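*Asks:* turn this into a model:
(chains A and B)
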Amino acid sequence: MYSESFIPAVASLGSLAFVLGIIILFVSKKFFVAEDPTVSMINALLPGVNCGACGYPSCSQFAEELVRTRNPSMTCPVGGGELAEKLGTALGITMAEPKPVTCVVLCQGHNGNARESAEYVGIRDCWAAAQAFAGTKQCRFACTGLGSCIAFCDFNAMRIENGLVVIDKELCTGCGACVPACPYGVLTMQEKKTERYFIACSSHDRGAETRKACDAGCTACQKCVRECPEQAIVIDNFLASIIQEKCTSCGKCIEVCPTKVNCILLERDMETVKSKKVP
Amino acid sequence: MKTFKTGGIHPPEQKLTSGKAVEVMPHPQELAVPMSQHLGKPAKSVVKVGDEVKKGQRIGAADGFISANVHAPTSGKIKAVKQHPHPGGQYSMTVFITPDGKDEWLEGLNTPECDWKKLSKEEILKRITDSGIVGMGGAGFPSGVKLSPPKDKTIDTIILNGAECEPFLTADHRVMVEEPEAIIKGLEIITSLFQGKVSAYIGIESNKPDAVAALKKQADSKGIGIVVLETKYPQGAEKQLINAITGRTVNEGELPFDKGCLVHNIATAIAIYEAVCKNKPLIERVVTISGMEIHTARNIRILVGTKFSEIAAFCGSMTEKTNQVITGGPMMGKAQFSLDVPVTKTTSGILFINNRGLEKSGEKTCIRCSRCISACPQNLQPWLLANTAQLRDFETIELYGMANCTECGSCSYVCPSKRELVHWIKYAKTLASKRKQRQSA
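*Replies:* Residues are numbered from 1 along each chain as shown, chains lettered A, B, ... in the order given. Down below sits the predicted model:
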């Protein structure tokens, strides 16, 4: 009984597969496109995450362009210096080394610091919350903690902790895909250094208003400006910023900063952070 | 009874204040007058901190073609000019005035009534523009611009919108009952600006028989048609109103004047009458204070710039159960995050409600019941728009007619899966326009 039912099916499908196989074989021979083996070799070296940090939509397009132009200034921020060296040897040129960058959050307004203004019940997306005032926190420059940026991170380096986005500095490659995803401009890319100072606040409100809204806001008190021996800190529109070229990482600004309710306003980034808490 | 052809819903009317006469609220301690009370570019503030201003003095000058002047609601001293929360959901440059209690008008304003028939067309338009009149139904389109349509368009129908289809709101209703003469005069002024045969209508929903009677008495001798409309939401939306009264359909990308129509709100008509005949700028309006959680729900005449907190105090404060304060109606209004926000020219109502247990907690998936499609007055497929918005596909969503959505909220109201349909569409609109800006830049 069984033999009658499956033999025709196997025969018909098998012959169909054979015919199609022949066609595929013919087409692959007839329309063969010769690909530069260097491109596939370069492509194999690249991280292969298609993050777009280099300016090209995908890694393979970057590889094609690199092989075609052999432009030593083309860099892959994700691969860093190591990859630049490998690419250089593969192509026989000296590649420029990309400056290692990392993403930093210019906000310290986690739930312990920033005060809530209202409950938000709409769709869980920062851009949607931005239509109904600036999110749920009183400070209109703060991270809402709804995490629209997380979907843009290809490296799993972002998470929401206590109402604030946190970046895993080990995993962040500095591709910059998250930066345009934030409606408030809280995320920015900064050069990787062992000791790095920046103002972890985006509030352009006046001092008194910032203070009302958040314990860890820059109140533009000018103390760090006066203290800085290099004149590397400027205050523009009620927010301090550090001119990185002038900063020598002496740490005097942190000592005088008054908004230190268990937070570091001027965060000491990278390796040194956690051991040195500000008094 | 006339009505629009497709879609629509009928939420509980909840017109708690329809029988309450308009009361005047005493002047508040401080006024916060936003420079952006209209569609288009915010006005530029023309006063400095410390300046003394008279009532009706211009404090914000229109900046650009689609913009409107802003005037001081009372006499006093400028306390500050700074960014302040705005009921529209963003921060806006706001002028703070401490009233001096004298309430003195600037000379030449609030004059005894003059005969508008003696004024030239240009003079009428100039008075409307100078007085900062904007559409008071909610969108706040500058009336001076609306009343000067492009030369090649002929206007043959003027409609006054007295539908007030949003639940709770009764501000327009009370105004229609109490000031029918002013409305008719305002409508006559608007009609006189257009040549040829222009027919004028006032559309009123059937749940306001006293307003219909009051206006009929005035209108019948003047050849103005009072159209009684079916009580159905969104009867008062511009496109739906045009469809209900004239049978014409305003298609995607078209404006009402493409179909020879011009729609103004009832309150705008009164403001136009007062601006033209009395030279009175738009500095106050009638607002419905309602909701289950306010002690005395009432209709009040209020200065633009009065903070919500003072209004709540005037109405006997809100109960502790209040968990949402909404400007406008419950369907299209916006929940506020602060009671510091001021009343603007477009605030038609303030609702204090408790919706605990009713809020849209947790979206479920679409069950393809198609109720949103039957409810949509614009013939769209809200579920499809929302799904596309969730996928962040902002090119396809335009093909599905996103621009046609009036954000009336009928779809979200009927959705049994508690989907935030309108919110997703609004979200897509914002991000799509952002994307376009970035692409053109």
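
*Asks:* okay, now the unreliable bits of chain B?
*Replies:* Along chain B, the parts satisfying pLDDT under 70 run over B:357-361.

*Asks:* the longest helix along it vs chain A: in contact?
*Replies:* For chain B, the longest helix by residue count, based on DSSP state H, is helix B:421-440. Yes - judged by C-beta under 8 Å from any C-beta of the partner chain, helix B:421-440 and chain A are in contact via B:423, B:424, B:426, B:427, B:430, B:431. Yep, even glycine has a C-beta here, placed from its N, CA and C like the rest.

*Asks:* top of those residues by neighbour count?
*Replies:* Comparing these by number of neighbours (other C-beta atoms under 10 Å in any protein chain shown), residue B:424 comes first, having 25 neighbours.

*Asks:* and that residue, what does it touch?
*Replies:* A:123, A:128, B:385, B:386, B:389, B:390 (C-beta atoms under 8 Å, 6 or more residues apart in numbering or on different chains).

*Asks:* now do the same for the second one: its pLDDT.
*Replies:* This points to residue A:128. Residue A:128 carries a pLDDT value of 87.

*Asks:* residue B:373: how many residues sit nearby?
*Replies:* Neighbours of residue B:373 under the rule other C-beta under 10 Å: 18.

*Asks:* I should have written residue B:292 there, sorry.
*Replies:* As a burial measure, residue B:292 scores 17 neighbours (other C-beta under 10 Å).

*Asks:* ok, it touching residue B:330?
*Replies:* No - between residue B:292 and residue B:330 there is no contact under C-beta atoms under 8 Å: 11.2 Å.

*Asks:* for residue B:96, what are phi and psi?
*Replies:* phi -100, psi 130 (degrees, to the nearest 10).

*Asks:* okay, and the beta partners of it?
*Replies:* Judged by DSSP bridges, the bridge partners of residue B:96 are residue B:32, residue B:80.

*Asks:* would you quantify the distance from it to chain A?
*Replies:* 14 Å (C-beta to the nearest C-beta, to the nearest Å).

*Asks:* list the contacts of that residue.
*Replies:* Here residue B:96 is in contact with B:30, B:31, B:32, B:33, B:78, B:79, B:80, B:81, B:82, B:84 (criterion: C-beta under 8 Å, 6+ apart).

*Asks:* which SS class is the closest residue to residue B:185 other than its chain neighbours?
*Replies:* Closest residue to residue B:185 apart from its sequence neighbours, by C-beta to C-beta, 6 or more residues apart in numbering or on different chains: residue B:273 at 4.6 Å. Following DSSP: H, G, I helix; E, B strand; the rest coil, residue B:273 is assigned to helix.

*Asks:* ok, residue B:273 - how many residues close by?
*Replies:* 24.

*Asks:* residue A:158 too?
*Replies:* 22.

*Asks:* what's the answer for residue A:242, then?
*Replies:* 20.

*Asks:* can you pick out the most distant pair from the contacts of residue B:424?
*Replies:* Farthest-apart pair in these is A:128 and B:385; separation 14.4 Å (C-beta to C-beta).

*Asks:* which phi and psi does whichever residue of chain B sits closest to chain A have?
*Replies:* In chain B, the residue that lies nearest chain A is residue B:337 (3.8 Å; C-beta to the nearest C-beta). Main-chain torsions, residue B:337, degrees, to the nearest 10: phi -100, psi -10.

*Asks:* OK, contacts around it?
*Replies:* A:117, A:118, A:132, A:133, A:136, B:85.

*Asks:* let's see 6 Å
*Replies:* Going by C-beta atoms under 6 Å, 6 or more residues apart in numbering or on different chains, residue B:337 touches A:117, A:118, A:133.

*Asks:* state the distance from residue B:222 to residue B:161.
*Replies:* Per C-beta to C-beta, to the nearest Å, residue B:222 is found 18 Å from residue B:161.

*Asks:* near chain B, which residues of chain A show up?
*Replies:* Residues of chain A found near chain B, taking C-beta under 6 Å from any C-beta of the partner chain as the criterion, are A:117, A:118, A:121, A:122, A:123, A:127, A:128, A:131, A:132, A:133.

*Asks:* farthest residue from the center of chain B?
*Replies:* Each residue of chain B has a distance to the centre, and by C-alpha atoms, centre = their mean the biggest one is for residue B:367: 34.5 Å.

*Asks:* secondary structure class for the closest residue to that one other than its chain neighbours?
*Replies:* Spatial nearest neighbour of residue B:367, excluding adjacent residues (C-beta to C-beta, 6+ apart): residue B:417 at 5.7 Å. Here residue B:417 is coil, with the state taken from three-state DSSP.

*Asks:* rewinding a little: residue B:67: which of the contacts of residue B:96 is nearest?
*Replies:* residue B:33 (15.2 Å).

*Asks:* so where is the stretch 101-250 of chain A shaky, pLDDT-wise?
*Replies:* Looking at the stretch 101-250 of chain A by pLDDT under 70, you get A:194.

*Asks:* all strands of the stretch 251-400 of chain B, in order?
*Replies:* Along the stretch 251-400 of chain B, counting by DSSP state E, counting those that start in this stretch, strands occupy B:261-265, B:284-290, B:298-303, B:324-327, B:334-335, B:349-353.

*Asks:* dump those into a markdown table; add distance to residue A:84 and mean neighbour count as well.
*Replies:* Shown next, in a markdown table, are the strands of the stretch 251-400 of chain B (distance: least, C-beta to C-beta, whole Å; neighbours: other C-beta atoms under 10 Å in any protein chain shown):
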| stretch | distance to residue A:84 | mean neighbour count |
| --- | --- | --- |
| strand B:261-265 | 64 | 25 |
| strand B:284-290 | 65 | 27 |
| strand B:298-303 | 66 | 23 |
| strand B:324-327 | 56 | 23 |
| strand B:334-335 | 51 | 18 |
| strand B:349-353 | 61 | 26 |
